[in-house]
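Trainee: Okay, here's the prediction I keep looking at, along with the sequence it came from:
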Amino acid sequence: MRQSMTGFASRSGELDGLRWGWELRGVNGKGLELRLRLPDWIEGLEPLVRKAAQAKLARGNVQIALRVTGGSEEEAAELDEVAMSRVLDAIARIEDAASLRGVPLERSSAAQIIALRGVMATGQSTRDVPALRAALMAEFEAALDDFAEMRAREGQALMTVLSGQIDEIEALVAKAAKTVESRRDEQAEKLRTALRRIMDATDGADEARVAQELALIAVKSDITEELDRLTAHVAAARALLQDTGAVGRKLDFLMQEFNREANTLCSKSGSSALTQIGLTLKTVIDQMREQVQNVE
C-alpha cells in the first residue's frame with residue numbers, strides 16, 4: 001500500500017508507578033532519518049526502537065520521543081559513594097599526568113562532579129529495567145502501527161490526487177497532439193509560402209538548399225518526440241503508483257523528466273494555442289511534484 005511520509009501517533013502506558021507517553025511525528029525526507037529522544041537510564045532501549053522503526057519505515061524524517069514520569073519520594077537522587085570514588089580517583093590521575101607534562105588544568109567543582117553520569121543515583125536503578133523495557137517496546141510497537149496506518153491513509157489520499165493529476169496531464173498531451181495535427185497542413189503551407197518568398201526576393205538562390213534549410217527548421221519545431229515521451233512518462237507514473245515498494249524517489253525523478261519535456265514543448269510550440277497548453281501542462285506538473293515530495 002502506498003504511504004505518505006507525514007504522520008503522527010501517540011501511545012501511553014503505566015507500570016510500577018511509572019507513567020509514559022510515546023510520540024511519533026513524521027515529515028518528508030530524502031531517506032529515513034530517525035531522531036530519538038529517550039531517557040538514557042533505560043539501557044538497551046534505543047537500538048530496539050531503531051530496529052523496529054527501520055523494519056516498518058523506508059523514508060521520512062521521523063521524530064520519536066518518550067517521556068517517563070512518576071515514582072515516589074523514595075526515588076529522590078542520592079550520592080553513589082562508589083561511583084563518586086571512581087570519579088575522584090580518575091580526576092586525581094588526570095591531574096597528576098597533566099602536572100608532569102606541564103599542562104595547566106582548571107580545578108573541578110563539586111557541581112561539575114555531581115553532574116557526571118552515575119555520581120547521583122536514583123531509585124530508578126533499582127527498578128526491573130528489562131520488564132520496563134519490554135512494556136515500553138510493546139507500547140512503542142503499537143504506536144508504530146498507528147503511525148504506519150496514518151501514513152497509509154495519507155498515502156491513499158495522495159494516490160487519488162496523483163492519479164487525477166496524471167489523467168489531467170494525459171488529457172493535455174492528447175490536446176496538444178490534436179492541435180499539432182490540425183495545424184499540420186497550415187504549417188506546410190507556411191513553409192511553401194516562405195520558400196516562394198525567399199526565391200522571389202533572392203537572385204540565384206539554390207531552391208533545393210533553401211528547401212532543405214526550411215525543412216530542417218520544421219523538424220526542429222516538431223514536438224512529436226516530446227509528446228511521445230510525455231505519453232511514455234504518463235504510463236511510467238501510473239505503473240509506479242501501482243508498485244508496492246517505496247517509489248517516492250523514482251516519482252520525483254520522473255517529475256523532472258515531465259518538466260523537461262513540457263519546457264521543450266513550450267519553446268518549440270510556434271503557436272499561442274500550443275504555448276497555452278504547454279503552460280497549463282507545466283502548472284499541473286509543478287502541482288504534482290509538490291505532492292510527490294510526500295510519497296514514501
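Mentor: In hand now; what should we look at? Numbering: from 1, shown residues only.
Trainee: other SSEs contacting the helix or strand that contains residue 152?
Mentor: Following DSSP states H and E, one finds residue 152 within helix 129-182. The helices and strands touching helix 129-182, judged by 3 or more CB pairs under 8 Å, 6 or more residues apart in numbering; DSSP states H and E, are strand 7-15, strand 18-27, helix 45-56, strand 60-70, helix 224-242, helix 272-292. Every residue, glycine included, has its C-beta placed from N, CA and C.
Trainee: tell me the contacts of residue 42?
Mentor: Counting by CB atoms under 8 Å, 6 or more residues apart in numbering, residue 42 makes contact with 68, 129, 132-133, 136.
Trainee: Outline the domain layout of this structure.
Mentor: Domain ranges of the chain: 7-74+123-151, 77-121, 153-292, per automatic domain parsing.
Trainee: mean confidence score for the last one?
Mentor: Taken as a whole, domain 153-292 has an average pLDDT of 81.
Trainee: Then the second one?
Mentor: Model confidence over domain 77-121 averages 80 on the pLDDT scale.
Trainee: for that domain, the distance to its chain's centre please.
Mentor: Taking CA atoms, centre = their mean, to the nearest Å, one finds the center of domain 77-121 at 45 Å from the center of the full chain.
Trainee: May I see the buried residues of the helix or strand hosting residue 90?
Mentor: According to DSSP H and E, residue 90 maps onto helix 81-100. Residues of helix 81-100 classed as buried by neighbour count (16 or more other CB atoms under 10 Å): 84, 87, 91.
Trainee: Save these as JSON lines, and put in distance to residue 57 too.
Mentor: Compiled in JSON lines, the buried residues of helix 81-100 are given as follows (distance: CB to CB, whole Å):
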{"residue": "84", "distance to residue 57": "42"}
{"residue": "87", "distance to residue 57": "40"}
{"residue": "91", "distance to residue 57": "44"}
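Trainee: and which of those is nearest residue 178?
Mentor: Nearest to residue 178 among the buried residues of helix 81-100: residue 87, at 81.4 Å, using CB to CB.
Trainee: hmm, back to that, just the angle for the helix holding residue 152 relative to strand 18-27, thanks.
Mentor: 20 degrees (axes from the mean of the first three to the mean of the last three CA atoms, to 10 degrees).
Trainee: What is the neighbour count of residue 287?
Mentor: 13 (other CB atoms under 10 Å).
Trainee: Residue 261 too?
Mentor: Residue 261 is flanked by 23 other residues according to other CB under 10 Å.
Trainee: Next: residue 140.
Mentor: Around residue 140 there are 25 other residues, counting by other CB under 10 Å.
Trainee: Now do the same contact list for it.
Mentor: 11, 22, 49, 52, 64, 66.
Trainee: repeat that with 7 Å
Mentor: Residues near residue 140 by CB atoms under 7 Å, 6 or more residues apart in numbering: 22, 49, 52.
Trainee: follow-up on the earlier one: out of the buried residues of helix 81-100, who's nearest residue 35?
Mentor: Distance to residue 35, by CB to CB, is smallest for residue 87 among the buried residues of helix 81-100, at 30.7 Å.
Trainee: Assess the claim that that closest one and residue 119 are in contact.
Mentor: Yes - counting by CB atoms under 7 Å, residue 87 touches residue 119, with 6.0 Å between them.
Trainee: quick one: common contacting residues for those two?
Mentor: Here residue 87 and residue 119 have residue 113 as joint contacts, going by CB under 7 Å, 6+ apart.
Trainee: Ramachandran angles for residue 29?
Mentor: Per-residue torsions, residue 29: phi -160, psi 160 (degrees, to the nearest 10).
Trainee: And it, how close does it get to residue 59?
Mentor: 6 Å (CB to CB, to the nearest Å).
Trainee: what is in contact with the two at once?
Mentor: residue 5.
Trainee: Between these two, tell me which one has more neighbours.
Mentor: Set residue 29 next to residue 59 and count neighbours by other CB under 10 Å: residue 59 wins out with 20 against 15.
Trainee: OK, contacts around the closest residue to residue 295 other than its chain neighbours?
Mentor: Nearest residue to residue 295 in three dimensions, chain neighbours excluded: residue 248, at 4.0 Å (CB to CB, 6 or more residues apart in numbering). Shown in contact with residue 248 (CB under 7 Å, 6+ apart): 59, 292, 295-296.
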